[in-house]
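Student: 3D model of this:
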Amino acid sequence: MKISRIALLLVLGAVGVQAHADESHSTDSTSKTPIENYTYGTKLDIDKVITVTDIPDQCGPVPAQMTYEDSHGQRHVMQYQVMGTGCSNG
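Tutor: Down below sits the predicted model:
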């Protein structure tokens, strides 16, 4: 019983370290680029989408971010609102 608990702890620890490493890498690349807030009048020049954040499992509007390159190769981070995926339809 103890061995299975230790094995489970090691597996969860390894997954946590990997998730933290992925998260810190993605925040390093976006921390250098200022975050722009989207409004309906914003003129977008999107040539290539690099990343889009996952939508939280909440009901209601939630912030999301998209990292993209424009037609001049400049990297941008756009923050906008989307509907969360936690609302039930019935």
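Student: got the contact list for residue 69?
Tutor: Applying CB atoms under 8 Å, 6 or more residues apart in numbering, we find residue 69 in contact with 46-48, 50, 75-76. In this view, the C-beta of every residue, glycine as well, is placed from N, C-alpha and C.
Student: And these, which is closest to residue 34?
Tutor: residue 76 (8.6 Å; CB to CB).
Student: so that closest one sits in a strand?
Tutor: Yes: per DSSP: H, G, I helix; E, B strand; the rest coil, residue 76 lies within a strand segment.
Student: how near is it to residue 63?
Tutor: Applying CB to CB, to the nearest Å, the value for residue 76 to residue 63 is 16 Å.
Student: Give me the more crowded residue out of those two.
Tutor: Set residue 76 next to residue 63 and count neighbours by other CB atoms under 10 Å: residue 76 wins out with 17 against 13.
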